[in-house]
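Colleague: Structure for the following, please:
(3 chains)
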Amino acid sequence: MKHEQNLYLTRTGPGEPMGALLRRYWTPVLLASELPENDCPPVRVKVLSERLLAFRDSEGKLGLIDEFCAHRGVSLWFGRNEDCGLRCPYHGWKFDVTGQCVEVPSEPAQSGYAKKIKLKSYPLVEGGGILWTYLGDPEAQPPMPGFEWLNLPPGHLFVTKRLQECNFLQAMEGGIDSSHVSWLHSGELKTDPLHRATRGAQYQADKAPKFEIVESEGGLLIGARRNAEAGHYYWRVTQWIMPWYTMIPPYGDNALNGHAWTPIDDENSFVWTFTYHPARPLSEAELGAMQGGHGIHVEFEPGTFRPKLNKDNDYGMDRAGQKAGVTFSGVHGVAQQDASVQESMGPISDRTRENLCTTDNAIIMARHRLMRAAQALEKGGAPPALAPQCHAVRSASFVLPENEPFHTARPEALVARKGAGHISI
Amino acid sequence: MKHEQNLYLTRTGPGEPMGALLRRYWTPVLLASELPENDCPPVRVKVLSERLLAFRDSEGKLGLIDEFCAHRGVSLWFGRNEDCGLRCPYHGWKFDVTGQCVEVPSEPAQSGYAKKIKLKSYPLVEGGGILWTYLGDPEAQPPMPGFEWLNLPPGHLFVTKRLQECNFLQAMEGGIDSSHVSWLHSGELKTDPLHRATRGAQYQADKAPKFEIVESEGGLLIGARRNAEAGHYYWRVTQWIMPWYTMIPPYGDNALNGHAWTPIDDENSFVWTFTYHPARPLSEAELGAMQGGHGIHVEFEPGTFRPKLNKDNDYGMDRAGQKAGVTFSGVHGVAQQDASVQESMGPISDRTRENLCTTDNAIIMARHRLMRAAQALEKGGAPPALAPQCHAVRSASFVLPENEPFHTARPEALVARKGAGHISI
Amino acid sequence: MKHEQNLYLTRTGPGEPMGALLRRYWTPVLLASELPENDCPPVRVKVLSERLLAFRDSEGKLGLIDEFCAHRGVSLWFGRNEDCGLRCPYHGWKFDVTGQCVEVPSEPAQSGYAKKIKLKSYPLVEGGGILWTYLGDPEAQPPMPGFEWLNLPPGHLFVTKRLQECNFLQAMEGGIDSSHVSWLHSGELKTDPLHRATRGAQYQADKAPKFEIVESEGGLLIGARRNAEAGHYYWRVTQWIMPWYTMIPPYGDNALNGHAWTPIDDENSFVWTFTYHPARPLSEAELGAMQGGHGIHVEFEPGTFRPKLNKDNDYGMDRAGQKAGVTFSGVHGVAQQDASVQESMGPISDRTRENLCTTDNAIIMARHRLMRAAQALEKGGAPPALAPQCHAVRSASFVLPENEPFHTARPEALVARKGAGHISI
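Modeller: Numbering: from 1, shown residues only, chains lettered A, B, ... in the order given. Predicted structure coming up:
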């Protein structure tokens, strides 16, 4: 890859082609629990390098506006959230959830001065315990994403977000690249009792799967193929959905897991981890484990979204455990393992020095598709994967006769079916 | 405002037009207590982006010289202050308070080598418990400022300095802008018993004063007008004195208060707060409160001039107190409130994005006057407000018949009068 | 000195002329104790601005390779050191100590893919308790340095390394500049009982020695001359050996001491301190003192090579001790004294502002010689001081009749002589 291509793919601020593309998609920015009640404290949001402020007004309306007052540039984080608006602490200017200035106390109301003042603002909408925004051209605003976990019965879903201190792309590439699971996360595969009990677990001992990748409407279907009983293949199918979603093939009746990898700025990202079961509530044991930082969730530094194990403490590298094979990498926990390798590439991975191999085809195809979409948008084309049905999909694992194509042989396994469990062996 | 204008106003280092202007005025750099005795440890001084070292020699002479030895560039902070000079720890070169090298031990005394070596140096003069320097052309050195608090009887004055982590201009603009007091500091106005007892307090309930501003010899007279009894206005008059002084209109017989806002570098400032009573010593109660960080003074991180409540802890934002109206902004303390909003604008406020309104006229006029003075100086003109009588002024509050101009009707209220109290209703 | 010359002398990264010169010499990078056993954890190495990884494989072979995996750029610090290679934690690629990729698990072994992948690597060789590398053109690799302390009987040598937070050149200039000892370290000279007992100590009371400097094959012989008994000079002779070694003239039968000053990057260096006695093992008392941070060694922040006394705590500046003359500079310990003055010059000393004097001749000559060597190399010439005999030298102190040249009168004093003690009065 050329240096310019790497910049093209990884720069997401205002005015950048990739930034323009990403702005055409709904973006998760906050957990709904960060704005727990009407008139609660506003919350700073940095997304795609824009500094914004989210708040929930006296009537429960959600707003995402410029962080800084239109008057003299004070951060409205210091403002008062009251009477259906956020009031700047410096001179009392007041703004509603649309960014409209509704009061400039020093000016006569009849002057109409306030009406002329409006802060940049974006929609903020709840779905699946997450607050979503849309930063693009309002004329082109798509419907909300069609992920099944946005509309599950209570108790079926658990979501966390964590800070990852690198560009979103190299983080997301980890989600696309299922070949690393057999290495980086191999310790976890061995110790998870539920995984060990599955038939797939036997097959997965083969650490060198073959990959077949096909484009889906929303992104890519990434099939990892291993030998099963004679004349059959064991398939694990990962979904990549544009621009930043990945879904992990399930293990047995475990809940489904997926991620969104969203840019804070070009050197920091949020990793959203959603765990859900389409057919049953999550158990107390499952919830307790995830709240304790197990599975693909993490333990946090108190009051922050930064993991306790982070680059400042080398992710708690346990050399004795590494040597003993407790974990493959010496780092404990799937998410910390991912963060350790991905952040170690530097704030923005230098893709000009890569040597890609056959198992990197999914990554190559995802980069191409993102680049093509950004280039098409520059020429006035419409972005792909905006229709909700692009998101109403599932990852799955199943065994097929050798001659059956993985992406068409079990179509019901790869789509969301309301109330019906997922397919996993 | 254009970007270039913002840079012109806020860049204060050597070689910048605004830096050149500010260098023509005496500048407070240290509390006198920072150099408590002859041959005490030298103190690092950064002012207008220059790195200097202040020391007090064996005879009590004060010096402010280049921080770095003329020989090889070692910081003289590590030097020995002894026998009327500061000796570099590396090779024993010695400098006096004028920066003159008085000894190069390795060279024969008769070589005259030391005589040829001189560090940059500036005068350092005590006044009002503060050490002042003058960084400009020595030929043009003005007399010391004529503030009355520089020559008060013992016990009448209390001075502190605090670090503010932003450009001096946006900090000083807060001192010029008395319209913010009714908002940002409104909680403090309510709780100060002395203020509540004044007649002015009733009038000040009107949160939308009208402003009249006139140029004074030294800067601006900023009159805030509110309705009083029929046919009368209640006036609160703020003095801005070039280049960086502001004086707060008094409340009753409270002490007078003022500030100097001086650049450390372009992204950090010192806020000097002087509290004095022209006609009586400050009481034990007043001194105790200020030493405890009350009033417009602050509590410090031990051993530093950085407030305990600062941007790293969001100034101790108290959301419950904000909601309950204990304070308007949720931050406690007048100085911390100012710091919270002014630092939140960023290290250098982006004035190209402002929307100014009628209450900002004093700020606009002060910017213009600074800019005009810097431009005039570039063309060889002399800076304004150098004469001591420009500083021998007071802020005041009084009631006038509607038709009397605030800046001429009570001339005695707006000048310093030795031993006589200030005028405040 | 011109700004360009200062950059020429101090920039040591890949592609810089001085960087090219320094790469032609063996460079100490680790203490041997940092790789204590086969298959122990790898260690990050930053040297001359290159980020590398050192490891010791299952057979004890040492490797110094690119820190980052050839595949996707993950830091191999997180890798597994096992079975004669370092395995990347992400996808299991494996590299041997030469940087050769020996396994790409996802590719068929017969594809030969791994063979085509090779990381940048450098030799890593033990000598004198230190691991040395050579970063230059392999064709031009010189023999290992010929320092006598690389081949001493057990117990004769003690080596430490410490971080110094400035460019290597200003650190090394301190080692060349023996005139500072009488000032910066004068407190230490007074308190060292062994030093006080020597005849040289009487002479050294003269704080203004005369310097004579001659070029040696390997660098410079720097003679500091003081008056001794009538018609005689007391000489202290410092060796500077290209590109970054200095040797301190001894005090009595004390061990010999020397340094290597090597760039981590352009703003950080390692100071290697080697203490050895050619004729006897170091005593328990000597070793205990050095391990406790005495002599020219330091106490470290636990688990790091950063001294406990560092710029963040002003090196523990003891103003009372400074005033009382316990130390001259107020900083305790020779190494911390050096670090305090050298780091205070800034990350890269601004040599355009210097005023050099007669005692700086050795520094001037060393700079010239480095610059000439770098310029010659740019034109294809060979670097000096590569032959081991250039390093087989000693510093010394002796008394000579006035008319005898210091560099030829006592040739045996200035060379290493196996098993024979050094000459010092």
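Colleague: got the buried residues for the helix or strand A:F211 falls within?
Modeller: With the criterion set as DSSP states H and E, the secondary-structure element containing A:F211 is strand A:210-215. Buried residues in strand A:210-215, counting neighbours by 16 or more other Cβ atoms under 10 Å in any protein chain shown, are found at A:211-213. (Each C-beta comes from the backbone N, C-alpha and C, glycine too.)
Colleague: Reformat those residues as a markdown table; add distance to C:T273.
Modeller: Formatted as a markdown table, those follow (distance: Cβ to Cβ, whole Å):
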| residue | distance to C:T273 |
| --- | --- |
| A:F211 | 54 |
| A:E212 | 60 |
| A:I213 | 57 |
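Colleague: Include distance to chain C and pLDDT when you put those into CSV, please.
Modeller: Below are those laid out as CSV (distance: Cβ to the nearest Cβ, whole Å; pLDDT from 0 to 100):
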residue, distance to chain C, pLDDT
A:F211, 9, 94
A:E212, 14, 97
A:I213, 14, 97
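Colleague: The following helix or strand past the strand holding A:F211 vs strand A:210-215, what angle?
Modeller: Moving toward the C-terminus from strand A:210-215, the next helix or strand (DSSP H and E) is strand A:219-227. Between the direction of strand A:219-227 and that of strand A:210-215, the angle (axes from the mean of the first three to the mean of the last three Cα atoms, to 10 degrees) works out to 160 degrees.
Colleague: Give the next helix or strand downstream of strand A:219-227.
Modeller: Where DSSP H and E defines the elements, the next helix or strand beyond strand A:219-227 is strand A:232-241.
Colleague: Please name every helix or strand in contact with whichever helix or strand comes after that next one.
Modeller: On the C-terminal side of strand A:232-241, the nearest following helix or strand under DSSP H and E is strand A:245-248. With contacts defined as 3 or more Cβ pairs under 8 Å, 6 or more residues apart in numbering or on different chains; DSSP states H and E, strand A:245-248 has these neighbours: helix A:168-176, strand A:232-241, strand A:256-265.
Colleague: Can you pull up the most central residue in chain A?
Modeller: Within chain A, the residue whose C-alpha comes closest to the C-alpha centroid is A:A260; the distance, by Cα atoms, centre = their mean, is 1.1 Å.
Colleague: thought that one was touching A:Y25?
Modeller: No: if you go by Cβ atoms under 8 Å, A:A260 and A:Y25 don't touch, sitting 10.0 Å apart.
Colleague: Now for chain A, the helix or strand with the poorest mean pLDDT.
Modeller: Lowest on mean pLDDT, DSSP states H and E among the helices and strands of chain A sits helix A:193-196, with a mean of 64.
Colleague: The residue in the stretch 151-300 of chain A that chain B sits nearest to: how many residues sit nearby?
Modeller: Residue nearest to chain B within the stretch 151-300 of chain A: A:D265 (15.5 Å; Cβ to the nearest Cβ). Neighbourhood size, A:D265 [other Cβ atoms under 10 Å in any protein chain shown]: 18.
Colleague: contacting residues around it?
Modeller: For A:D265, the set of contacting residues under the criterion of Cβ atoms under 8 Å, 6 or more residues apart in numbering or on different chains consists of A:12-13, A:46, A:48-49.
Colleague: Name the member of those with the most neighbours.
Modeller: A:T12 (26 neighbours).
Colleague: ok, that one touching A:K46?
Modeller: No: in this structure A:T12 lies outside contact range of A:K46 using Cβ under 8 Å: 11.6 Å.
Colleague: Which positions in the stretch 51-200 of chain A make contact with chain B?
Modeller: If contacts are counted using Cβ under 8 Å from any Cβ of the partner chain, the residues of the stretch 51-200 of chain A sitting beside chain B are A:68, A:70-75, A:77-78, A:80, A:82, A:89-92, A:104-107, A:113, A:117.
Colleague: in the stretch 51-200 of chain A, which spans are strands?
Modeller: For the stretch 51-200 of chain A, the strands identified by DSSP state E, counting those that start in this stretch occupy A:62-66, A:80-81, A:86-87, A:94-95, A:101-103, A:121-122, A:124-127, A:130-133, A:157-164, in order along the chain.
Colleague: List the residues that contact the residue nearest to the centre of chain A.
Modeller: Residues near A:A260 by Cβ under 8 Å, 6+ apart: A:28, A:244-245, A:270-272, A:274.
Colleague: repeat that for 7 Å
Modeller: Contacts here follow Cβ atoms under 7 Å, 6 or more residues apart in numbering or on different chains; on that basis A:A260 touches A:28, A:244-245, A:272.
Colleague: for A:L370, same thing?
Modeller: Under the criterion of Cβ under 7 Å, 6+ apart, the neighbours of A:L370 are A:9, A:243.
Colleague: Apply 10 Å and report the result again.
Modeller: Neighbour list for A:L370: A:8-9, A:18, A:21-22, A:169, A:172, A:219, A:242-244, A:384 [criterion: Cβ atoms under 10 Å, 6 or more residues apart in numbering or on different chains].
Colleague: now A:K311
Modeller: Shown here is A:K311, whose contacts under the criterion Cβ under 10 Å, 6+ apart are A:164-166, A:339-340, A:343-344.
Colleague: Among these, name the ones in helices.
Modeller: Among the contacts of A:K311, the members found in helices (DSSP state H) are A:339-340, A:343-344.
Colleague: Dump these to a markdown table, plus pLDDT and distance to chain B.
Modeller: Formatted as a markdown table, the ones in helices among the contacts of A:K311 follow (pLDDT from 0 to 100; distance: Cβ to the nearest Cβ, whole Å):
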| residue | pLDDT | distance to chain B |
| --- | --- | --- |
| A:A339 | 98 | 25 |
| A:S340 | 98 | 27 |
| A:E343 | 98 | 24 |
| A:S344 | 98 | 28 |
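Colleague: now those residues as a markdown table including neighbour count and distance to chain C?
Modeller: Rendered in a markdown table, the data for the ones in helices among the contacts of A:K311 read as follows (neighbours: other Cβ atoms under 10 Å in any protein chain shown; distance: Cβ to the nearest Cβ, whole Å):
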| residue | neighbour count | distance to chain C |
| --- | --- | --- |
| A:A339 | 26 | 11 |
| A:S340 | 27 | 6 |
| A:E343 | 21 | 9 |
| A:S344 | 23 | 4 |
